[in-house]
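>>> this one's sequence-less:
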């Protein structure tokens, strides 16, 4: 998430929940930067995902290059993310990652990147050729609170199932209650918990159930 997106999220939170709650959230974010919280790795066979329909008028796109965008989609993306974020996207495409995007009401409503094991055989866990790891789920701040993230993630996972994905992994901060509830609602199961330790991986304990 870019600095502008973080500022917009902070502003919207203050409008919605008040100054005290907004400042508390900002303090929690600063604390987590100093000592990153643990993350849980969850997994799912894509064919087993809970199926949730996309909102009327929504379009899901899977990209491996910005050149695959239509002119209208390109404008929506450029309105939604910063130039520096676009540069990051280009680097990810060059590394073999793919982007899953949902367009709604003329906006880039939601996005995430998918790492295939064939392009990157290790990302927090060992990935086989047909495994994927999800990263950087983002929903337009002005469209939050409508269940869009859950529907988008479900549709995205269904697309992975059609593409031959055998297992999908996600990592979620243990204190991100909203996202943990969302992925578990979709059928993801906890696998292991870890945190950054001196620039490496510190696996805390298995949480398989």
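Ah, there it is. None of the values given here were measured: they were computed from a predicted structure.

>>> which residue lies nearest the spatial centre of the chain?
residue 137 (1.8 Å; C-alpha atoms, centre = their mean).

>>> spell out which residues make up each domain of this structure.
1-35, 36-206 (automatic domain parsing).

>>> format these as TSV; extra columns: mean pLDDT.
Shown next, in TSV, are the domains of the chain (pLDDT from 0 to 100):
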stretch	mean pLDDT
domain 1-35	62
domain 36-206	92
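
>>> deepest-packed of those domains, please.
The highest mean neighbour count among these, using mean count of other C-beta atoms under 10 Å, belongs to domain 36-206: a mean of 16. C-beta here means a position set from N, CA and C on the backbone, and glycine is covered the same way.

>>> chain center to that one, what's the gap?
4 Å (C-alpha atoms, centre = their mean, to the nearest Å).

>>> got the phi and psi for the spatially closest residue to residue 121 that is not a sequence neighbour?
Closest residue to residue 121 apart from its sequence neighbours, by C-beta to C-beta, 6 or more residues apart in numbering: residue 127 at 5.5 Å. Dihedral pair for residue 127: phi -110, psi 130, per degrees, to the nearest 10.

>>> please apply the same query to residue 114.
phi -120, psi 130.

>>> what pairs with residue 103 across the strands?
residue 59, residue 108 (DSSP bridges).

>>> tell me the spacing between it and residue 115.
22 Å (C-beta to C-beta, to the nearest Å).

>>> what do you get for residue 92?
9 Å.

>>> hey, where'd the helices end up in this structure?
For the chain, the helices defined by DSSP state H cover 3-17, 19-34, 71-80, 83-94, 148-162, 177-185.

>>> if we can go back for a sec, is the closest residue to the residue nearest to the centre of the chain other than its chain neighbours in a bridge, and if so with what?
Computed as C-beta to C-beta, 6+ apart, the closest residue to residue 137 that is not its neighbour in sequence is residue 112, at 4.5 Å. Taking DSSP bridges as the rule, residue 112 bridges to residue 100.

>>> contact partners for residue 112?
99-100, 134-138, 152-153, 156 (C-beta atoms under 8 Å, 6 or more residues apart in numbering).

>>> 6 Å instead, please
Contacts for residue 112 (C-beta atoms under 6 Å, 6 or more residues apart in numbering) come out as 100, 134, 136-137.
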